[in-house]
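Asker: Quick check, what structure comes out for this input:
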Amino acid sequence: MAEDFNEQLPESINVVSPCIGVCHSNDAGDYCMGCHRTTAEIGAWRMADLEGKAKILCRAYMRWKQDGAPDPDDKLAQLNHAEMAERFRLMGFQA
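Answerer: Numbers count the residues shown, from 1 in each chain. Purely as a prediction, here's the structure:
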């Protein structure tokens, strides 16, 4: 995954926590399947400045996009995916 976020950052970003209360890791244990942040990013969120939060959001957005849409039969995963799509859209990302 690219570490250069500038091309992914929206021109204007609304920084809000991406947490949707679905706190469980992906199969590899790399990040939360709800907000798509790593445990380090979740821990750093409260103390991060605006730029730091924007970078965390960008990485989470890239993971979310890379994961793609969940199985159509998994209605809960579909709902969570739609919630994140709306949150990212409201933050300024093209979900």
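
Asker: any idea how far the residue nearest to residue 67 when sequence neighbours are not counted lies from residue 61?
Answerer: Leaving aside its sequence neighbours, residue 67 sits nearest to residue 36 (CB to CB, 6 or more residues apart in numbering; 7.4 Å). C-beta coordinates here come from the backbone N, C-alpha and C atoms, glycine included. Separation of residue 36 from residue 61 (CB to CB, to the nearest Å) stands at 7 Å.

Asker: before we move on, back to that, assumed the residue nearest to residue 67 was part of a strand.
Answerer: No. Per DSSP: H, G, I helix; E, B strand; the rest coil, residue 36 lies outside any strand segment and is coil.

Asker: That one: neighbouring residues, count only.
Answerer: Per other CB atoms under 10 Å, the neighbour tally for residue 36 reads 25.

Asker: What residues sit buried inside stretch 59-68?
Answerer: Using 16 or more other CB atoms under 10 Å as the test for burial, stretch 59-68 gives 59, 60, 61, 62, 63, 64.

Asker: wait, the last one sits on residue 36?
Answerer: Yes. Applying CB atoms under 8 Å as the test, residue 64 and residue 36 come out as touching, 4.6 Å apart.

Asker: Where does the residue lying farthest from the centre of the chain sit: helix, strand or coil?
Answerer: The C-alpha centroid of the chain is most remote from residue 73, which lies 22.4 Å away (CA atoms, centre = their mean). Secondary structure assignment for residue 73 (three-state DSSP): coil.

Asker: Can you report phi and psi for it?
Answerer: Backbone torsions of residue 73, given as degrees, to the nearest 10, read phi -80, psi -20.

Asker: so what sits against both of residue 64 and residue 36?
Answerer: Shared contacts of residue 64 and residue 36 (CB atoms under 8 Å, 6 or more residues apart in numbering): residue 84.

Asker: low-confidence ranges in this structure?
Answerer: Within the chain, the stretches with pLDDT under 70 are 1-14, 95.

Asker: Residue nearest the middle of it, spatially speaking?
Answerer: Residue closest to the average C-alpha location in the chain (CA atoms, centre = their mean): residue 60, at 3.1 Å.
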